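**Q** quick one, fold the following:
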Amino acid sequence: MKIQDAKPGDVLRDKDGALWLRGKKNARVLDDPTENSSGDSTFEADPVTLDHCEQFGPFVRLVPEEESQW
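**A** So this is what the prediction gives:
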């Protein structure tokens, strides 16, 4: 799926295994195993525009919408 099709608050995994948190206008990497060999959190990474994020897709929503309890 495209990250733009996800809803704000969704957590998604990209094709390389990184976890993303979708915001209203941007997305933020929560954990990127390809750049994080030390085990440190990458949550402090700056948010990027949704258009820019698409180069890392396709994405998979970690909790399918029909199973979430929001």
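**Q** what bridges to the most centrally placed residue in the chain?
**A** Nearest to the mean C-alpha position of the chain, by CA atoms, centre = their mean, lies Trp20 at 1.6 Å. Beta bridges link Trp20 to Leu12, Val29, judged by DSSP bridges.
**Q** how about the contacts made by it?
**A** When contacts are counted by CB atoms under 8 Å, 6 or more residues apart in numbering, Trp20 touches 3, 11-14, 27-30, 53, 56, 59. For glycine as for every other residue, the C-beta is placed from the backbone atoms N, C-alpha and C.
**Q** can you read off the pLDDT for Phe56?
**A** Note for Phe56: predicted pLDDT of 90.
**Q** swap in Asp46?
**A** pLDDT for Asp46: 80.
**Q** what's the burial count for the nearest residue to it once chain neighbours are set aside?
**A** Nearest residue to Asp46, sequence neighbours excluded (CB to CB, 6 or more residues apart in numbering): Arg28, at 7.7 Å. By other CB atoms under 10 Å, the residues close to Arg28 number 17.
**Q** my guess is Arg28 meets His52, correct?
**A** No - contact criterion CB atoms under 8 Å: Arg28 and His52 do not qualify, at 11.8 Å.
**Q** in three-state terms, how would Gln4 be classified?
**A** helix (DSSP: H, G, I helix; E, B strand; the rest coil).
**Q** any idea how far it is from Thr34?
**A** 22 Å (CB to CB, to the nearest Å).
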